[in-house]
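Colleague: have a look; sequence and predicted model below, questions after that.
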Amino acid sequence: MTGPAFLAGLAALGGATFLALSCPSERRAARLAGGAMLAGSAGVLLAAGTVLLAGEPWEARVPGLLRPLGGLALRLDALGAFFVGLVGLGGLPVALYTPAYVDGHGVSGRLVTGLLPLFLAGMALVPAADNVITFLLAWELMAVASYLLVVSDVGSDDAHSAGVWYATMTHAGLLALLVAFLVLGGSAGLDFATLRVRAGTLTPLQRTAVFVLALIAFGSKAGLAPLHVWLPRAHPAAPTPVSALMSAIMVKLGVYGLLRMTFDLVPAGPAWWGGALLVLGLVTGLVGVLYAVVDQHLKRVLAYSTIENLGLIFVAVGLALLMRGYEQPLLAAAALGAALLHVLNHACFKMLLFLGAGAMIHAVGTPALEAYGGLVRRMPVTTGFFLVGCLALAALPPLNGFPGEWLTFQLLVAGARGTVPQFAVLLPLAVAGVALTAGLAAVSAVRLFGIACLALPRTAAAERAHEVSRGMRLGMALPAVAVLVLGLAPAPVLALALEIVGRLGL
């Protein structure tokens, strides 16, 4: 079931691109491509679910293709399947939302509809890659498709500038990733199984070099400070479905890459790796939330919020590495489980927020917050969904922003009670930093909803705003339901996350 579903999903995504670019009617092209994108997303989601439920990895190899470089190799294990499932989950609402969103956008809309499936396919292939060349090709497909989507509005100076920043950071990260693989693999081979064996022969200096290079490569993709500079530029400039996928899904593949490298390919690194990542996560979270509190651009506020939440995820990952280094396996496993839980939860509520923001921009005509006000009466369905996303962003129970943040906070407190002297300094500071970040995030969420949706309309455009089409509302409804369900019943997802962690050897 896994192989046919995954390959059929990829084929459907390829078919969506063909339909979007070949059908003469723009409206019909968007609808046909949206349907194929929906089928493709469902296919990769089904494949991921099969691996997670059955517990058996799936492999496929085509040694004759790219033979000099080791052939094409795919493998879905539990960790990869979790992130592939995230891609499928994010593709479903975008497939429903996009046809109505691009209606009337002409060539730009057709480009968005045609490139989105390639973007999804690249993101689905990254966690499924099982050798270096397959991983790099999938990584580049994802990067090139997302770059073209960011600059798809050819008349926008902001899109051009954002594209330059994005391309620069992406290719700097790719260079770091290439060097990391060269140091790790040497002349031993390009297959991940070979890399795992080779990792045991590395000197401490080589292992540290691989970690630092991987941190640069994957941290730049995830928006880890100070490598986050592309994110608040690219997300606002990109069309809304693209912003939603980049913020909810693509940045998480930076998390995936670092987890694959540090918990699988190069296991059991020194404890300072975790301490460094924890500190970088705290700095990232604080930088993101401080900008989110003051910015006046609707989508840029959400982009800074993504930086903040990725910082909290890296705090949990750093705590896991730190606890593993000090031989605290239970705390390490729980921290990594909390990170995976928040990866999923953030993907759902950030998808909802970006789609809601896009609907409001579609109605008002500008992303400037000072032009809004009073939308709760003029767009009750959209603002209702947006409120759910804002409450999740504020980490208020019983919505899904709460469990991951609360668990991370509790694990930091538990770690601070340890007997290791370093914990007595670092972890109480981390507890204070996470608490401050969470409090400011709540302020940011309240401010965002209050300015955009409450009070009286501040411009004539806000007074004329009206509810968006049914397709866009359906696209928002899916992540809204997920936010509610995952908030009310987080235990099954946490149990699944801990099972994935267990398969990584923690």
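Modeller: That came through fine.

Colleague: okay, residue 270: pLDDT?
Modeller: For residue 270, the pLDDT comes out at 89.

Colleague: give the contact list for it.
Modeller: Counting by Cβ atoms under 8 Å, 6 or more residues apart in numbering, residue 270 makes contact with 204, 208, 325. In this view, the C-beta of every residue, glycine as well, is placed from N, C-alpha and C.

Colleague: can I have the buried ones of those residues as a PyMOL selection?
Modeller: Burial among the contacts of residue 270 is assessed by 16 or more other Cβ atoms under 10 Å; the matching PyMOL selection reads:
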select buried, resi 208+325
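
Colleague: next, format the contacts of residue 270 as TSV and append pLDDT, secondary structure and distance to residue 98.
Modeller: TSV is the format used below for the contacts of residue 270 (pLDDT from 0 to 100; DSSP: H, G, I helix; E, B strand; the rest coil; distance: Cβ to Cβ, whole Å):
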residue	pLDDT	secondary structure	distance to residue 98
204	89	helix	49
208	93	helix	44
325	88	helix	44
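
Colleague: which one of the contacts of residue 270 is nearest residue 122?
Modeller: Set against residue 122, the nearest of the contacts of residue 270 by Cβ to Cβ is residue 208 (30.0 Å).

Colleague: quick one: the biggest helix by length in the chain to chain centroid distance?
Modeller: Ranked by residue count, the top helix of the chain under DSSP state H comes out as helix 329-364. Centroid separation for helix 329-364 versus its chain: 8 Å, with Cα atoms, centre = their mean, to the nearest Å.

Colleague: buried stuff in that helix?
Modeller: Quick answer for helix 329-364 (16+ other Cβ under 10 Å): 331-364.

Colleague: specify which member of the contacts of residue 270 is nearest to residue 112.
Modeller: Nearest to residue 112 among the contacts of residue 270, with distances taken as Cβ to Cβ, is residue 208, at 41.9 Å.

Colleague: who touches that closest one in this structure?
Modeller: Counted by Cβ under 8 Å, 6+ apart, residue 208 has contacts 269, 270.

Colleague: which helix or strand contains the closest residue to residue 338 other than its chain neighbours?
Modeller: Excluding its sequence neighbours, the residue lying closest to residue 338 (Cβ to Cβ, 6 or more residues apart in numbering) is residue 407, at 4.2 Å. In this assignment (DSSP states H and E), residue 407 forms part of helix 401-416.

Colleague: neighbouring contacts of that helix?
Modeller: For helix 401-416, the external contacting residues (Cβ under 8 Å, 6+ apart) are 312, 315-316, 319, 322-323, 328, 331, 334-335, 337-339, 341-342, 345-346, 349, 391-396, 423-424, 427-428, 430-431, 434-435, 438, 483, 486-487, 490, 494.

Colleague: distance check, residue 439 against residue 259.
Modeller: Distance, residue 439 to residue 259, by Cβ to Cβ, to the nearest Å: 28 Å.

Colleague: those two: who's more crowded?
Modeller: residue 259 (25 against 13; other Cβ atoms under 10 Å).

Colleague: list the contacts of that one.
Modeller: Shown in contact with residue 259 (Cβ under 8 Å, 6+ apart): 79, 317, 336, 504.

Colleague: the second one is in contact with residue 255, isn't it?
Modeller: Yes: between residue 317 and residue 255 there is a contact under Cβ atoms under 8 Å: 7.0 Å.

Colleague: what is in contact with those two at once?
Modeller: Common contact partners of residue 317 and residue 255 (Cβ under 8 Å, 6+ apart): residue 339.

Colleague: list the buried ones in stretch 226-244?
Modeller: Using 16+ other Cβ under 10 Å as the test for burial, stretch 226-244 gives 227-228, 230-244.

Colleague: quick one: which of these sit in helices?
Modeller: If you go by DSSP H, those have 231, 232, 233, 234, 235, 236, 237, 240, 241, 242, 243, 244 in helices.

Colleague: could the residues you listed go into a markdown table alongside distance to residue 74 and pLDDT?
Modeller: Output for these, formatted as a markdown table (distance: Cβ to Cβ, whole Å; pLDDT from 0 to 100):
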| residue | distance to residue 74 | pLDDT |
| --- | --- | --- |
| 231 | 29 | 89 |
| 232 | 34 | 90 |
| 233 | 33 | 89 |
| 234 | 29 | 89 |
| 235 | 30 | 84 |
| 236 | 35 | 84 |
| 237 | 33 | 85 |
| 240 | 31 | 92 |
| 241 | 26 | 93 |
| 242 | 26 | 94 |
| 243 | 29 | 93 |
| 244 | 26 | 95 |
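
Colleague: what's the local residue count around the closest residue to residue 59 other than its chain neighbours?
Modeller: Nearest non-adjacent residue to residue 59, counting by Cβ to Cβ, 6+ apart: residue 75, 4.6 Å away. For residue 75, the neighbour count with other Cβ under 10 Å is 20.

Colleague: residue 75: what's it in contact with?
Modeller: Applying Cβ under 8 Å, 6+ apart to residue 75 gives the contacts 57, 58, 59, 60, 128, 129, 130, 192.

Colleague: now it. Its backbone dihedrals?
Modeller: Phi and psi for residue 75, reported as degrees, to the nearest 10, are phi -160, psi 130.

Colleague: can you tell me how far it is from residue 196?
Modeller: Taking Cβ to Cβ, one finds residue 75 at 12 Å from residue 196.

Colleague: now list the buried members of the contacts of helix 401-416.
Modeller: The neighbour count (16+ other Cβ under 10 Å) marks 312, 315-316, 319, 322-323, 328, 331, 334-335, 337-339, 341-342, 345-346, 349, 391-395, 423, 427, 430-431, 434, 438, 483, 486-487, 490, 494 as buried among those.

Colleague: which regions of this protein lie under the pLDDT threshold?
Modeller: 66-69, 106-107, 154-157, 186-189, 418-419 (pLDDT under 70).

Colleague: about what we covered before: now do the buried residues in the helix holding residue 407.
Modeller: Of the residues in helix 401-416, 401-409, 411-412, 414-416 count as buried by neighbour count, 16+ other Cβ under 10 Å.

Colleague: could you export those as a markdown table, including distance to residue 272?
Modeller: Shown next, in a markdown table, are these (distance: Cβ to Cβ, whole Å):
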| residue | distance to residue 272 |
| --- | --- |
| 401 | 30 |
| 402 | 31 |
| 403 | 29 |
| 404 | 25 |
| 405 | 25 |
| 406 | 27 |
| 407 | 24 |
| 408 | 20 |
| 409 | 23 |
| 411 | 19 |
| 412 | 17 |
| 414 | 20 |
| 415 | 15 |
| 416 | 18 |
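
Colleague: give me the buried positions along the helix or strand just after the longest helix of the chain.
Modeller: Scanning forward in sequence from helix 329-364 by DSSP H and E, the next helix or strand is helix 375-378. Buried residues in helix 375-378, counted by 16+ other Cβ under 10 Å: 375, 376, 378.

Colleague: repeat for stretch 163-183
Modeller: 163, 165-167, 169-170, 173-174, 176-177, 179-181, 183.

Colleague: make CSV from those residues and add secondary structure to it.
Modeller: Shown next, in CSV, are the buried residues of stretch 163-183 (DSSP: H, G, I helix; E, B strand; the rest coil):
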residue, secondary structure
163, helix
165, helix
166, helix
167, helix
169, helix
170, helix
173, helix
174, helix
176, helix
177, helix
179, helix
180, helix
181, helix
183, helix
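
Colleague: closest one to residue 460 out of those, please.
Modeller: Nearest to residue 460 among these is residue 163, at 32.6 Å by Cβ to Cβ.

Colleague: residues near the closest residue to the closest one other than its chain neighbours, how many?
Modeller: Distance criterion Cβ to Cβ, 6+ apart; nearest residue to residue 163, sequence neighbours excluded, is residue 151 at 3.9 Å. The burial count assigned to residue 151 is 20, neighbours taken as other Cβ under 10 Å.
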